[in-house]
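Peer 1: attaching a predicted model along with its sequence, questions to come.
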Amino acid sequence: MRAMILDAPKQPLRLEERPIPSPGQGQLLIQVRACAVCRTDLHIVDGELHRPKLPLILGHEIIGRVAGAGGVTTAGERPRVGVPWLAWSCGECPYCRSGRENLCDRALFTGYDVDGGYADYTVADSRFCFGIPDGYSDLEAAPLMCAGLIGYRSLKLAGDAQRLGLYGIGAAAHILIQVARYQGRRVYAFTRPGDSAGQEFALSLGAEWAGGSDQMPPFPLDAAIIFAPVGALVPIALRAVAKGGVVVCGGIQMTDIPSFPYEILWEERVVRSVANLTRSDAAEFLALAPKVPVRTQVEEFPLTAANDALAALKRGRVKGAAVLSMVTAS
Ligand SMILES: [Zn+2]
Ligand SMILES: [Zn+2]
């Protein structure tokens, strides 16, 4: 099979022919059809996340067909499944036992601790794979698996906010605007200053207002979610939320947060982060997405152009989500 390999941080991925992996006990062998490219992948390549397995196959927004199984029955079918970032949790630690397997002490993550989906085949624990709703092509479904899931968890942590600000209009926000509108919320979208194309994109998806992150929203927000990995946005978002408002940092990595006066946090404003996902987040979101219905906008790259996809994401050139296709000729 073809696989794009990360040998070490700060190096381009390298195409390699590898044997198809064999599924272990409880694992599925999956023929990958599409895998979305997440900002987390970029943080891993850039050496900003410190303990990836090396060499590594990146990719944790996997859509594929079951092609075999180790010790679990698949009834001779080849169902379509999705594989997210959470590859395994222990089920025994205090976090797992309190419904917070996203914080599991021994969790393993796809495309980080175990090989992921930038390849023709992968293996995954069947308990951490999900059926994918009909009505989505493989390419369209791929961004649901992280941009959608972690975006959804971020939205849950924003509480019942009616006026919701989103900072950074990429793959996650383009899905979340649709979900928030479906839930009757009002969305205020913030892009890099001067990014009028990004602002128009947000408005086209249902945002009520769009502007640069240097602008204040027309009304104080009940909550804001920051998807851009820019710590300087934390005090900016705190100034935009009303008393009691929540600022949720939705990414796995962020530049340092500058110091800020206590008065912008006072009056019970909250700053919090989101880490990973639980399987119940995935089940809830994958049931909700077709009801909205969430439509994803994807930019397709052949598997062998994974480096180009990462570069486009880094430059902020992707409208919606970048997705690698294993069925497109390179
Ligand atoms: Zn991700
Ligand atoms: Zn655990």
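Peer 2: Sure thing, it's come through. Ligands and ions are numbered 1, 2, ... in the order given.
Peer 1: report the buried residues of stretch 93-104.
Peer 2: 93, 95-96, 101-102, 104 (16 or more other C-beta atoms under 10 Å). All C-beta spots, glycine's among them, are computed from the backbone N, C-alpha and C.
Peer 1: which pair in these spans the largest distance?
Peer 2: The span of the buried residues of stretch 93-104, defined through C-beta to C-beta, is set by 93 and 102 at 11.9 Å.
Peer 1: now tabulate the buried residues of stretch 93-104 in a markdown table and tack on pLDDT.
Peer 2: What follows is these, written out as a markdown table (pLDDT from 0 to 100):
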| residue | pLDDT |
| --- | --- |
| 93 | 98 |
| 95 | 98 |
| 96 | 98 |
| 101 | 98 |
| 102 | 97 |
| 104 | 98 |
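Peer 1: among these, name the ones in helices.
Peer 2: 95-96 (DSSP state H).
Peer 1: which ones, among the buried residues of stretch 93-104, also lie beside ligand 2?
Peer 2: Taking C-beta under 5 Å from the ion as the test, ligand 2 is in contact with 93, 96, 104 out of the buried residues of stretch 93-104.
Peer 1: does the second one really touch residue 102, like I thought?
Peer 2: No. With contacts defined as C-beta atoms under 8 Å, residue 96 does not count as touching residue 102, sitting 9.6 Å away.
Peer 1: still on that earlier bit, what is the nearest of the buried residues of stretch 93-104 to residue 152?
Peer 2: Of the buried residues of stretch 93-104, the one sitting nearest to residue 152 (C-beta to C-beta) turns out to be residue 102, at 12.3 Å.
Peer 1: return the residues in contact with the closest one.
Peer 2: 86, 95, 153, 275-278, 281 (C-beta atoms under 8 Å, 6 or more residues apart in numbering).
Peer 1: and the residue nearest to it when sequence neighbours are not counted, what does it touch?
Peer 2: Once flanking residues are discounted, residue 102 sits nearest to residue 276: 3.9 Å by C-beta to C-beta, 6 or more residues apart in numbering. Shown in contact with residue 276 (C-beta under 8 Å, 6+ apart): 85-86, 102-103, 107, 109, 150.
Peer 1: of those, which belong to helices?
Peer 2: residue 150.
Peer 1: most neighbours among the contacts of residue 276, which one?
Peer 2: residue 150 (28 neighbours; other C-beta atoms under 10 Å).
Peer 1: and the buried residues of stretch 93-104, which is closest to ligand 1?
Peer 2: Within those, the smallest distance to ligand 1 is 12.8 Å, found for residue 102 (C-beta to the ion).
Peer 1: pLDDT weak spots in this protein?
Peer 2: For the chain, the stretches with pLDDT under 70 are 72-76, 329-330.
Peer 1: need the residues of it near ligand 1, please.
Peer 2: Checking the chain against ligand 1 by C-beta under 5 Å from the ion, the hits are 38, 40, 146.
Peer 1: now for the residue in the stretch 51-200 of the chain that ligand 1 sits nearest to, how many residues are close by?
Peer 2: When scored by C-beta to the ion, the stretch 51-200 of the chain has residue 146 as its residue closest to ligand 1, at 3.2 Å. Counted with other C-beta under 10 Å, residues neighbouring residue 146 total 30.
Peer 1: equivalent analysis for residue 243, please.
Peer 2: Applying other C-beta under 10 Å, I find that residue 243 has 10 neighbouring residues.
Peer 1: assumed it was part of a helix.
Peer 2: No. Under DSSP: H, G, I helix; E, B strand; the rest coil, residue 243 falls outside any helix and is assigned strand.
Peer 1: ligand 2 versus the residue lying closest to it once chain neighbours are set aside, what's the distance?
Peer 2: Closest residue to residue 243 apart from its sequence neighbours, by C-beta to C-beta, 6+ apart: residue 267 at 4.1 Å. Residue 267 is 36 Å from ligand 2, where distance means C-beta to the ion, to the nearest Å.
Peer 1: now residue 267: how far from residue 245?
Peer 2: 9 Å (C-beta to C-beta, to the nearest Å).
Peer 1: likewise residue 237?
Peer 2: Taking C-beta to C-beta, one finds residue 237 at 9 Å from residue 245.
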